[in-house]
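Novice: A predicted structure for the sequence below; I have some questions about it.
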Amino acid sequence: MSITVRNDLTLPPPELLARFDVMGPRYTSYPTADRFVEAFDSTLYGTWLGSVGATVARRPLSLYVHLPFCSTICYCRACNKVITQDRARTGGYLDALQVEAELVAARLGGASEVGQLHFRGGSPTFLDEEELHRTIGMLAERFPLEAARKGQGETSIEVDARTCPPEKVRVLAELGFNRMSVGVQDFEPAVQEASNRLQEFDATQATIEAARARGFKSINIDLIYGLPGQSRETFARTLDKVLVLSPDRIALYHYPHVPDRFKPQRRIAAADLPSPAERVGIMYDAVVRLTATGYRYIGMDHFAKGNDELARAQALGRLHRNFQGYSTRPDCDVIGLGPSAVSKIGPIYAQNTRELDEYYDRLRNRMLPTARGVLLDRDDLVRRSVMMALMCHFEVSKEAIATAHLIVFDEYFRLEIEGLKDLVDAGLVEINPEWISITAKGRLLVRAIAMRFDHYLRRDQRLRNYSRVL
Ligand code: SF4
């Protein structure tokens, strides 16, 4: 039986959910990063960087900085991190990051104002006060960061509350950060122990309260369901605590158990994981609870309070999706710095090497550390528009796409429209001459629905490397 939790969101019966709960990408880009090719190298990326400075009408710029260090390993996340207790390693890393920033800035030849600055990890708060100052200072010498430093742009940081006491929050605020995302995953002690992520509620509360007192505009909390030792009962207790913290946004991810691919997950016994039915129950309970307490389902694992700018942007049809997830900012060029960072300039994506040693080697030789990338063709651009509309607004206007890309929508997507029949029959999608819309019952499956427009998946069913959509 379906459960309507709001007039725009209905939980489909579990058997229907199971039918469409396939493996799929998170689509922070299209094409997804696993489709990037090595033929797109640092020379090509350098040429595209040069095109930014040469453009008369410059697009707004977003700067993404990857800071990979963490002091302990969480078994539950497949993140690109470097586990170390050796604080001396950060100095060498920041030296390399500085060389990369220099090489990029030299090619840009004068960039437009940085409207967004994002520090992601790893744990950016592994850096101490001096290192954080050094990082912002060296970026500000090479990119126009005035707005970001005055708190006028969107300046965000991923925070590990275990390494970010209120005193460090003060430093972040002084440096211009005005948004933070706090990793929690779960507050239940047994679940934390099984995931090797011990994090006191009081420390998390102190960090978040300090951020509010310092004027942070938006605070996100990351949660994970399906962790070892979790049940509907334990996760209800975690949600009690999360609601006390009252974050503006909540990301509720599922735990994908793939120990063959992510070695740390071998420390988690499959027998300790909740059963599939319990896992769906945890997620259903969470969706019902969050939507009943003022959070709006934005899509793809994300919830936001009704007055948060993400929810407002969605209501106004101005939501976007990029490497940082959902965003209120229109499409802009993105410069990614650090290993694994992805950049986006006009119609190209470029990704740095993921390997720290190779990253250092390339920069020692004063070469951009690009490992792969892609130049989008016309079909990629059309499909990206369709998928982003579905993921941000749960509907796509055929006329808007036809006008923007000079296509006849129903002809161009004839195969895809025929392929949506099972979703239409299940009441998850509606199609009429003007629109393709995801129904209230289909919204939790938005990723599985957007996948139907992914040309690369149609051509090559390489699904093994993705997580399940729920
Ligand atoms: S703190 Fe974050 S980045 Fe570091 S290991 Fe844990 S989940 Fe991964």
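Specialist: Yep, that arrived. Residues are numbered from 1 along each chain as shown.
Novice: Residues touching the longest helix along the chain, excluding its own?
Specialist: Longest helix of the chain, by residue count under DSSP state H: helix 89-108. Outside helix 89-108, the residues that touch it by Cβ atoms under 8 Å, 6 or more residues apart in numbering are 46, 49-50, 52-53, 65, 67-69, 82, 111, 126-127, 131, 134-135, 138-139, 142-143, 335, 337-338, 359-360, 363, 366-369. Using the backbone N, CA and C atoms, a C-beta is placed for each residue, glycine as well.
Novice: I'd like to know which of those residues are buried.
Specialist: 46, 49, 52, 65, 67-69, 82, 111, 126-127, 131, 134-135, 138-139, 142-143, 335, 337-338, 359-360, 363, 367-369 (16 or more other Cβ atoms under 10 Å).
Novice: Return the residues of this structure in contact with the ligand.
Specialist: 70, 73-74, 77, 79, 81, 121-123, 160, 183 (Cβ under 6 Å from any ligand atom).
Novice: who are the neighbours in contact with the residue nearest to the spatial centre of the chain?
Specialist: With distances taken as Cα atoms, centre = their mean, G325 lies nearest the centre of the chain, 3.6 Å away. With contact set as Cβ under 8 Å, 6+ apart, G325 has these partners: 28, 251, 300, 302.
Novice: If any of those residues are buried, give me the ChimeraX selection for them.
Specialist: Those of the contacts of G325 that count as buried under 16+ other Cβ under 10 Å are selected in ChimeraX with:
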select :28,251,300,302
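Novice: can you list the contacts of G325 in TSV and add pLDDT, secondary structure and distance to L406?
Specialist: Listed next are those as TSV, based on pLDDT from 0 to 100; DSSP: H, G, I helix; E, B strand; the rest coil; distance: Cβ to Cβ, whole Å:
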residue	pLDDT	secondary structure	distance to L406
T28	86	coil	27
A251	96	strand	37
M300	87	coil	29
H302	94	strand	33
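Novice: how about low-confidence regions in the stretch 351-470 of the chain?
Specialist: Along the stretch 351-470 of the chain, segments meeting pLDDT under 70 span 461-470.
Novice: Strands of that one, start to end?
Specialist: 370-375, 395-397, 429-431, 435-438, 467-468 (DSSP state E, counting those that start in this stretch).
Novice: Run through who's touching the fourth one.
Specialist: Put plainly, it is strand 435-438. Contacts for strand 435-438 (Cβ under 8 Å, 6+ apart): 390, 394-398, 417, 420, 428-431, 445-446, 449.
Novice: How about Y30: what's its closest non-neighbour residue?
Specialist: R384 (4.3 Å; Cβ to Cβ, 6 or more residues apart in numbering).
Novice: what number of residues lie near the one you found?
Specialist: 20 (other Cβ atoms under 10 Å).
Novice: what residue ranges in this structure score low on pLDDT?
Specialist: Looking at the chain by pLDDT under 70, you get 53-58, 111, 461-470.
Novice: mind giving me the domain ranges of it?
Specialist: Split into domains by automatic domain parsing, the chain comes to 29-337, 377-460.
Novice: so how far is the last one from its chain's centroid?
Specialist: Per Cα atoms, centre = their mean, to the nearest Å, the displacement of domain 377-460 from the mean C-alpha position of its chain is 21 Å.
Novice: Just the buried residues of the longest helix of the chain, please?
Specialist: By 16+ other Cβ under 10 Å, the buried positions in helix 89-108 come out as 90, 93, 96-101, 103-105, 107-108.
Novice: one step back: just the contacts of G325 now: which is nearest the ligand?
Specialist: Nearest to the ligand out of the contacts of G325 is A251 (Cβ to the nearest ligand atom; 12.6 Å).
Novice: Not including adjacent chain positions, what is the nearest residue to L243?
Specialist: T293 is the one closest to L243 (Cβ to Cβ, 6+ apart), at 6.0 Å.
Novice: how about the closest residue to L423 other than its chain neighbours, what does it touch?
Specialist: Leaving aside its sequence neighbours, L423 sits nearest to V429 (Cβ to Cβ, 6+ apart; 4.2 Å). By Cβ under 8 Å, 6+ apart, the residues touching V429 are 420, 423, 436-439, 442, 449.
Novice: so which of those residues is the most crowded?
Specialist: Neighbour-wise, those (other Cβ under 10 Å) top out at I436, 26 neighbours.
Novice: Next one: that residue from the ligand, what distance?
Specialist: As judged by Cβ to the nearest ligand atom, to the nearest Å, I436 and the ligand stand 36 Å apart.
Novice: What separation do you get for that residue and L223?
Specialist: 31 Å (Cβ to Cβ, to the nearest Å).
Novice: secondary structure class for T43?
Specialist: helix (DSSP: H, G, I helix; E, B strand; the rest coil).
Novice: Distance check, it against C392.
Specialist: 34 Å.
Novice: and the two? which has more neighbours close in?
Specialist: C392 (23 against 10).
Novice: How about the contacts made by the nearest residue to that one once chain neighbours are set aside?
Specialist: Spatial nearest neighbour of C392, excluding adjacent residues (Cβ to Cβ, 6+ apart): L319 at 4.1 Å. Residues in contact with L319, defined by Cβ under 8 Å, 6+ apart, are 298, 310, 313, 326-328, 392-393.
Novice: Please apply the same query to E131.
Specialist: Counting by Cβ under 8 Å, 6+ apart, E131 has contacts 90-91, 94.
Novice: Tell me which stretches of the stretch 1-150 of the chain form strands.
Specialist: Under DSSP E, counting those that start in this stretch, the stretch 1-150 of the chain gives strands at 3-6, 9-11, 23-24, 61-67, 69-70, 82-83, 114-121.
Novice: got the ones you listed as CSV, with distance to V171 columns?
Specialist: What follows is the strands of the stretch 1-150 of the chain, written out as CSV (distance: least, Cβ to Cβ, whole Å):
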stretch, distance to V171
strand 3-6, 40
strand 9-11, 39
strand 23-24, 39
strand 61-67, 14
strand 69-70, 17
strand 82-83, 22
strand 114-121, 12
